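>>> dropping a prediction and its sequence here:
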Amino acid sequence: MAKNSSTSPARGASAQESAPIIGQRGREIQKFGTISRIPNGLSEKVCLGSVTALNQVLADTMTLRDMYKKHHWQVSGHTFYSLHLLFDKHFEEQAELVDAIAERIQLLGGLAIAMAPDVAELSKIERPPKGREEVPVQISRLLEAHEHILKESRKYAGDADDAGDDGTNDLLVSNVVRTNEMQVWFVSEHLVDQPVVRAD
């Protein structure tokens, strides 16, 4: 009887060849903080400057993104429903920024920061406690983080413009600054002390 070709290994191959090769380790092929030269019309010095700045914005944006998810889970009180939805919407928008910033770093020939311990080490945003905080405190933390990112993004956008890195300037102004400004508006309105039921 002929063997079933669908279950038998190919001629000259062993069953082990189809098993995944796990437990592999090796040398880094590019060190963090270095540039892999790409013919993008920018000097290595300009690329390195933009990558360094963008990694700072990336670390702070990842921190803000995760603060939104933390507060989405932990928000409470009479504004729970509206803030629960708003925080998740802003989380998704910050996640899009994270991807856009990281891709810009990579196409400049750099390496985007990625792992949580590295982000925590680099971020300049104050770390919230593990426990739940009151809604006004949650919102205040978010607004302070937004303002920090807006200030540094405007500075780095100016630096990129001076260096002739139009792509980085455009990303920071058109994406990071505008998204954060819009989110600041939506979030800050929740701290305006207005009567809920009866007018003054």
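Everything's here; your move.

>>> use CA for all of it now, contacts and neighbours both
Noted.

>>> tell me, what residue is most central in the chain?
Val98 (2.9 Å; CA atoms, centre = their mean).

>>> remind me which helix or strand that one belongs to.
Using DSSP states H and E, the element containing Val98 is helix 80-107.

>>> element containing Glu152?
Element membership for Glu152 (DSSP H and E) is helix 135-163.

>>> between helix 80-107 and that helix, find me the angle.
Computed by axes from the mean of the first three to the mean of the last three CA atoms, to 10 degrees, the angle separating helix 135-163 from helix 80-107 equals 20 degrees.

>>> buried set for helix 135-163?
Applying a neighbour-count criterion of 16 or more other CA atoms under 10 Å, the buried positions in helix 135-163 are 135, 138-139, 141-143, 145-150, 152-154, 156-160, 163.

>>> next one: stretch 92-108
Using 16+ other CA under 10 Å as the test for burial, stretch 92-108 gives Gln94, Ala95, Leu97, Val98, Ala100, Ile101, Ala102, Arg104, Ile105, Leu108.

>>> let me have the residues you listed in a markdown table, extended by pLDDT and distance to Ser43.
Shown next, in a markdown table, are the buried residues of stretch 92-108 (pLDDT from 0 to 100; distance: CA to CA, whole Å):
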| residue | pLDDT | distance to Ser43 |
| --- | --- | --- |
| Gln94 | 98 | 30 |
| Ala95 | 98 | 29 |
| Leu97 | 98 | 25 |
| Val98 | 98 | 25 |
| Ala100 | 98 | 22 |
| Ile101 | 98 | 19 |
| Ala102 | 98 | 19 |
| Arg104 | 98 | 15 |
| Ile105 | 98 | 14 |
| Leu108 | 98 | 10 |
